[in-house]
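Participant: Just need the structure, nothing else, for what follows:
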Amino acid sequence: MKNFFYGLCLLLSLGFTGSYGQNILFGRPFDLLPEARTDAPVALANFHQAFFAFWKEPGVNAVLKGASFGRNSQAVYEQHSEKLPEIITDFAPASIATEETLFLFWIDSKGQICWLARHKEESWLKQQPKILPLKNEVTSGLTVTMLADGRIALGSRKKNSNKLVLLLLENDDAGELRTVKEMTVKMARTTTYPNVSAEGQKIMVSWARMEMLHFTVYDTETDSWTENRAWTGTEVGGVPSVFRELGSGKTVWTWRKTGKTIVQQYMVSGYAPENNIADFPSFFEPAAAVTFAGVDHNNFIMAYPGADQKLYFSYGSGYEPARWMEQYFFPHKENYTLKDIVLPGAHDAGMSVLSGRGGKSGYTINECNTLTQVAGVADQLEAGLRMFDLRIDLYQNELYTKHAPAPCMNDAVGGGWGEPLKQVLEGVRRFLDRYNKEIVLLSFAHLCDRNMPLEKQADFIVRMLGTDKVFRPDGRKLTEIPLKDLAGKVIITFEGEDFPAKGILSNTMTRQSDAFINYVREYAATNSIDTFLMRQERFLKRLQTGVADNDYIRLDWQLTQIGQEAAISCSHFQSSKSNPLLDGSLLLTNMLTKNKSIIELARIGNRYLPGKVDSWIKKGLINAQNKPNILYVDVAGSWITDFCIDLNESALYTRKVEQ
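Facilitator: Modelled structure (predicted):
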């Protein structure tokens, strides 16, 4: 399921498009099922490496429908319609998965709770809907949760009553359900239906009444209830939602404000809400309660119906990408070095905008063959990126980032100018002012001293960052510097050059060197994913015998335009400087070869990264001797940060004495 989450993040939010609230990153919502419509909450489940959604169509006597999304092993995002028996309901369904069985629950026209179960690849159509024996008829909708021992709890509202019902169910190995208990929640009243969520062997039931959030906890081991509690000032309209599957006891508690929007509350542990209510990002406009499905200890997927009755999906992360190094390395890994960890890196980091064209055939340059990123460096920092590849030169009397096939733009056939370097460096300085445990690597390559001496470029960089932000190794090697000494600092390297007195260190990209950092990498230079993967595997095999202390292994993950594409595939316009015969041949070539932009190719290639790296680790192709220190991508965003966090938490990136 984890790799599907990366695929969904790539599909929904390539680049940094999320928003923060109470240490949670929310991705912008997208409509993944353009034909689907509903007027009720969506049921979500994570079952055998796939994500499932179920919803009722709008209105009464509505048909229940479903869809599944992707597989863990798939690099290409997919979605499939779930073929269900004809199911009619007026209310929101519920779904939950055990290790062996996916359950779907709904309320029929008689107020009975019905259910279906399927095992792995079985068809829903082979299953017969079943009815849970109940003392009470129910209405309004259902929510479901699972206890630590595998029992299932269902919550609903009594028909023709404001009282709430809690069901405790057991299931056997064949997926058959048996009602263990049917209880009326004491002193609980609502005109909607409740949310149920489990922690261990306890079930929290929460509901809205008189625009306030109420909750009580049932302990299944002692068969006892806590007193009902009301959370004043919550302005709850409708059904609340609670999500407890984040790590460290973290909880996301959400509801819609009366007649307004969603707010969310984030607490560390326990059941009692803390007084720290915060609004969801303004781009969420749900017409009913949101629902969640867990991906792993960091992440979740969220769904809800909009006012237009479309289904909207989003992703969330339970950590702050802007300060992920502080959260994951300090203090327990503060004595690690950069060689012990893996960082997310951005290739041609300054090229999220095209500020100008240059080179001998600058008229052939546009966004298609020049842009490598979809977010500026400041936003990349917020999304967790920590290594930035920057190429700079003088443009309109100011240093700009650039993308060009030559060190000096004058010598390039064509090239593009990106962000002003001043803007990039000011962004880095402001970022480190706020987050003084984060570490930033600025790697300057393809240097040109024709228009401005390199020493003056170095002076400008240090002045803009501030000398207090520049790291100085004082003669120490990469393997001798603990992370705690790098916290809040920028490591600045020039390709093949250094200015030690200014704090500018050298980097190289050779088999062996005396530079502070020697980037060891394989740039595949291909638009063929098969060729790309073959070259990366060959590169990793070559490094399995070990590397030097200053070798910094960079996995260059650029599925990119070949030379012909970069020069011609994006020339969809006629320039006054162009040769009509040449432009005609370029356009024809582009049409015949179906060439893609750098961004489009990156989106294709990036889908393969988490799955392939995971499989190479399992096969031993990546080991302690050749593990990557930088995952270096186009279209960088929080998705690559999240994967780096998972790797840093794995055994491969944990020192043996701590395992």
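Participant: In space, what's closest to Arg323 - neighbours in sequence excluded?
Facilitator: Counting by C-beta to C-beta, 6 or more residues apart in numbering, Arg323 lies nearest to Tyr435, which is 4.8 Å off, once chain neighbours are set aside. Using the backbone N, CA and C atoms, a C-beta is placed for each residue, glycine as well.
Participant: And stretch 194-204, what's buried?
Facilitator: Pro194, Asn195, Val196, Ser197, Ala198, Glu199, Lys202, Ile203, Met204 (16 or more other C-beta atoms under 10 Å).
Participant: Am I right that the first one is in contact with Ala188?
Facilitator: Yes. The pair formed by Pro194 and Ala188 meets the contact definition of C-beta atoms under 8 Å, at 7.1 Å.
Participant: Counting by contacts, list what the helix or strand Gly416 falls within packs against.
Facilitator: In this structure, Gly416 sits in strand 415-420 according to DSSP states H and E. When contacts are defined as 3 or more C-beta pairs under 8 Å, 6 or more residues apart in numbering; DSSP states H and E, strand 415-420 sits against strand 356-358, strand 398-403.
Participant: Show me what the mean pLDDT comes to for that strand.
Facilitator: Throughout strand 415-420, pLDDT has a mean value of 97.
Participant: sorry, back to before: which of the buried residues of stretch 194-204 fall in strands?
Facilitator: Asn195, Val196, Ser197, Ala198, Glu199, Lys202, Ile203, Met204 (DSSP state E).
Participant: Looking at these, which is nearest Ser317?
Facilitator: Closest approach to Ser317 among these (C-beta to C-beta): Ser197, at 19.6 Å.
Participant: hey, what's that closest one bridged with?
Facilitator: When bridges are taken as DSSP bridges, the partners of Ser197 come out as Met204.
Participant: Which pLDDT value belongs to the closest residue to Leu166 other than its chain neighbours?
Facilitator: Using C-beta to C-beta, 6+ apart and skipping residues adjacent in sequence, the residue nearest Leu166 is Met183, 4.8 Å away. Note on Met183: pLDDT of 95.
Participant: buried set for whichever strand or helix holds Met183?
Facilitator: When secondary structure is defined by DSSP H and E, Met183 falls within strand 177-189. Judged by neighbour count using 16+ other C-beta under 10 Å, the buried positions of strand 177-189 are Leu177, Glu182, Met183, Val185, Ala188.
Participant: Switch these over to JSON lines; also include distance to Tyr363.
Facilitator: Formatted as JSON lines, those follow (distance: C-beta to C-beta, whole Å):
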{"residue": "Leu177", "distance to Tyr363": "68"}
{"residue": "Glu182", "distance to Tyr363": "75"}
{"residue": "Met183", "distance to Tyr363": "75"}
{"residue": "Val185", "distance to Tyr363": "71"}
{"residue": "Ala188", "distance to Tyr363": "71"}
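Participant: show me where pLDDT drops low in the stretch 101-250 of the chain?
Facilitator: Per-residue confidence of the stretch 101-250 of the chain (counting by pLDDT under 70) places the weak regions at 245-250.
Participant: show me what contacts Leu343?
Facilitator: Going by C-beta atoms under 8 Å, 6 or more residues apart in numbering, Leu343 touches Arg386, Met387, Leu441, Asn629, Ile630, Leu631, Cys644.
Participant: Then Gln457?
Facilitator: Taking C-beta under 8 Å, 6+ apart as the criterion, Gln457 is in contact with Ile392, Leu399, Leu447, Asp449.
Participant: and the last one, that's in a helix?
Facilitator: Spelled out, it's Asp449. No. Secondary structure assignment (DSSP: H, G, I helix; E, B strand; the rest coil) places Asp449 in coil, not in a helix.
Participant: coming back round to it: quick one: which of the contacts of Gln457 has the most company?
Facilitator: The most neighbours of any of those, using other C-beta atoms under 10 Å, belong to Ile392, which has 24 neighbours.
Participant: so who does that residue touch?
Facilitator: Contacts for Ile392 (C-beta under 8 Å, 6+ apart) come out as Gly350, Leu399, Tyr400, Thr401, Lys402, Leu421, Phe444, Leu447, Gln457.
Participant: which of the residues you listed lies closest to Asn298?
Facilitator: The nearest member of those to Asn298, counting by C-beta to C-beta, is Gly350 at 28.8 Å.
Participant: for the buried residues of strand 177-189, which one is nearest Tyr608?
Facilitator: Here the nearest of the buried residues of strand 177-189 to Tyr608, counting by C-beta to C-beta, is Leu177; it sits at 39.9 Å.
Participant: Correct me if wrong: the closest one contacts Ile152.
Facilitator: Yes. At 7.2 Å, Leu177 counts as touching Ile152 under the criterion of C-beta under 8 Å.
Participant: Between the two, which contacts overlap?
Facilitator: When contacts are counted by C-beta under 8 Å, 6+ apart, Leu177 and Ile152 are jointly contacted by Phe103, Leu169, Glu170, Asn171.
Participant: can you tell me which two in those residues are farthest apart?
Facilitator: Farthest-apart pair in those is Phe103 and Glu170; separation 12.4 Å (C-beta to C-beta).
Participant: Comparing the two, which residue is more hemmed in?
Facilitator: Taking other C-beta under 10 Å, Phe103 and Glu170 do not tie; Phe103 has more neighbours (24 against 14).
Participant: Name the secondary structure element that contains that one.
Facilitator: In the assignment (DSSP H and E), Phe103 maps to strand 102-107.
Participant: Parallel or antiparallel, which strands does that strand pair with?
Facilitator: Using DSSP bridges, the neighbouring strands of strand 102-107 in the sheet come out as strand 94-97 (antiparallel), strand 113-118 (antiparallel).
Participant: so which of these is the most packed in?
Facilitator: Between the strands paired with strand 102-107, strand 94-97 has the highest mean count of neighbours, a mean of 23, where neighbours are mean count of other C-beta atoms under 10 Å.
Participant: Can you pull out the residues in contact with that strand?
Facilitator: In this structure, residues lying in contact with strand 94-97 by C-beta under 8 Å, 6+ apart are 43-48, 52, 54, 102-106, 141-146, 152, 154.
Participant: go again using 7 Å as the cut-off
Facilitator: 43-47, 52, 54, 103-105, 142-144, 146, 152, 154 (C-beta atoms under 7 Å, 6 or more residues apart in numbering).
Participant: Could the C-alpha coordinates of that strand be exported in CSV?
Facilitator: Listed in CSV are the C-alpha atoms of strand 94-97, where the atom choice follows Å, rounded to 0.1, in the frame of the first residue of the first chain:
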residue,chain,number,x,y,z
ALA,A,94,-19.1,1.8,5.8
SER,A,95,-16.1,-0.4,5.0
ILE,A,96,-13.2,-2.0,6.9
ALA,A,97,-10.5,-4.6,6.1
